[in-house]
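Undergrad: the sequence isn't on hand, but the structure is:
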């Protein structure tokens, strides 16, 4: 578990693991140079429970913290949890049982997204998977588009990884923000045996105003373009170029461009005025986005409307749209979560 300045949430996350019905595990708390007292909380847990070990390091980001734990871990499986989320008591038992039953290199489970709309009120969106099992890489690859569409292949915390599979291929988290996506692309690239669980009981919390998902991201557009290139390369490597997979990749790309525009239009964005218009114009005219908009088939009326100014290359309209999205996201998180769930 990477830990960095999460004092208000850390005890909840750690307790949810220490009370698991499956208890034969070691919990590595990888402190990334916390300055808010989180490190002391980690040390207190280690003193109270011999299953807990703390890895203290300088602040180098979540990827480095996770990689430190990979180097130190001794178990048969790796599981990565975020320090501001929580898990149902039988989560690890479900994951390990599925891995053992199917001799899986990777277990992928459904999860819940809990958005705190106001104190004491939570909007919960459930992402379901399976149940299913794949014993040949070809079968998993044919199903991957559906799993990408369900957002099941992106995060690390809804997965159990067989340790030898990761170590033999020297797979590590790259030193970048949103490091989980490229990590998982490396994992699934040549995976053979994959088990799916409908829901393992992980709760991804959206409640921290300062969290990784709630601030301006410098270079977000370039990052999304890089990710799109990774997706194209992965499917080329797999030799899968069917219409459904191409449409999924294109729709994914186009929808994330809406997020890039919103990122530029939020109150924390330093890009304003003419510079913002020119950046949005550059995005709308990019050849890869034009191709994605041609292939994409949005699944909701809302998303068709959001993509319309992109299709028509209308930067001012796109900026107005981005400002509206940013406003709803900040002021009405529950409504935003419901709209996003229905896209």
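TA: Structure's in. What do you need? Worth saying up front: this structure is predicted, and the values here are computed from it rather than measured.
Undergrad: strands along this protein, start to end?
TA: Applying DSSP state E to the chain gives strands spanning 2-3, 27-31, 52-56, 77-78, 86-87, 106-109, 111-118, 121-127, 132-134, 159-162, 194-197, 202-206.
Undergrad: and these as CSV, adding distance to residue 261, mean pLDDT and mean neighbour count?
TA: The C-beta positions use only the backbone N, C-alpha and C, and glycine is treated the same way. Rendered in CSV, the data for those read as follows (distance: least, C-beta to C-beta, whole Å; pLDDT from 0 to 100; neighbours: other C-beta atoms under 10 Å):
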stretch, distance to residue 261, mean pLDDT, mean neighbour count
strand 2-3, 30, 98, 26
strand 27-31, 35, 98, 24
strand 52-56, 39, 98, 17
strand 77-78, 36, 99, 20
strand 86-87, 33, 98, 21
strand 106-109, 31, 98, 26
strand 111-118, 22, 90, 18
strand 121-127, 23, 90, 15
strand 132-134, 36, 94, 18
strand 159-162, 30, 98, 24
strand 194-197, 34, 98, 25
strand 202-206, 21, 94, 20
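Undergrad: which one of these lies nearest to residue 175?
TA: When the strands of the chain are compared for distance to residue 175 using C-beta to C-beta, the nearest one is strand 2-3, at 13.1 Å.
Undergrad: test my guess that residue 79 contacts residue 92.
TA: Yes: under the criterion of C-beta atoms under 8 Å, residue 79 lies in contact with residue 92, with a separation of 6.9 Å.
Undergrad: shared neighbours, these two?
TA: residue 25 (C-beta atoms under 8 Å, 6 or more residues apart in numbering).
Undergrad: and the strands of the chain as TSV, adding distance to residue 186?
TA: Below are the strands of the chain laid out as TSV (distance: least, C-beta to C-beta, whole Å):
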stretch	distance to residue 186
strand 2-3	18
strand 27-31	20
strand 52-56	23
strand 77-78	13
strand 86-87	25
strand 106-109	12
strand 111-118	21
strand 121-127	22
strand 132-134	18
strand 159-162	11
strand 194-197	15
strand 202-206	21
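Undergrad: ok, residue 74 to residue 125 distance?
TA: 36 Å (C-beta to C-beta, to the nearest Å).
Undergrad: residue 317 now?
TA: Distance check for residue 317 against residue 125: by C-beta to C-beta, it reads 29 Å.
Undergrad: same question, residue 295
TA: With the distance defined as C-beta to C-beta, residue 295 ends up 27 Å from residue 125.
Undergrad: over to residue 272?
TA: In terms of C-beta to C-beta, residue 272 sits 33 Å off from residue 125.
Undergrad: and if you look at residue 93?
TA: For residue 93, the distance to residue 125 (C-beta to C-beta) stands at 24 Å.
Undergrad: please apply the same query to residue 287.
TA: As defined by C-beta to C-beta, residue 287 lies at a distance of 34 Å from residue 125.
Undergrad: what helices or strands is the longest helix along the chain leaning on?
TA: Longest helix of the chain, by residue count under DSSP state H: helix 243-265. In terms of contact count using 3 or more C-beta pairs under 8 Å, 6 or more residues apart in numbering; DSSP states H and E, helix 243-265 is assigned the packing partners helix 137-149, helix 220-238, helix 273-285, helix 287-295, helix 301-311, helix 315-331.
Undergrad: show me what the mean pLDDT comes to for it.
TA: Averaged across helix 243-265, the pLDDT comes to 97.
Undergrad: next, the buried residues of that helix.
TA: 245-265 (16 or more other C-beta atoms under 10 Å).
Undergrad: to residue 8, which of the helices and strands packed on helix 243-265 lies closest?
TA: Relative to residue 8, the nearest member of the helices and strands packed on helix 243-265 by C-beta to C-beta is helix 315-331, separated by 20.0 Å.
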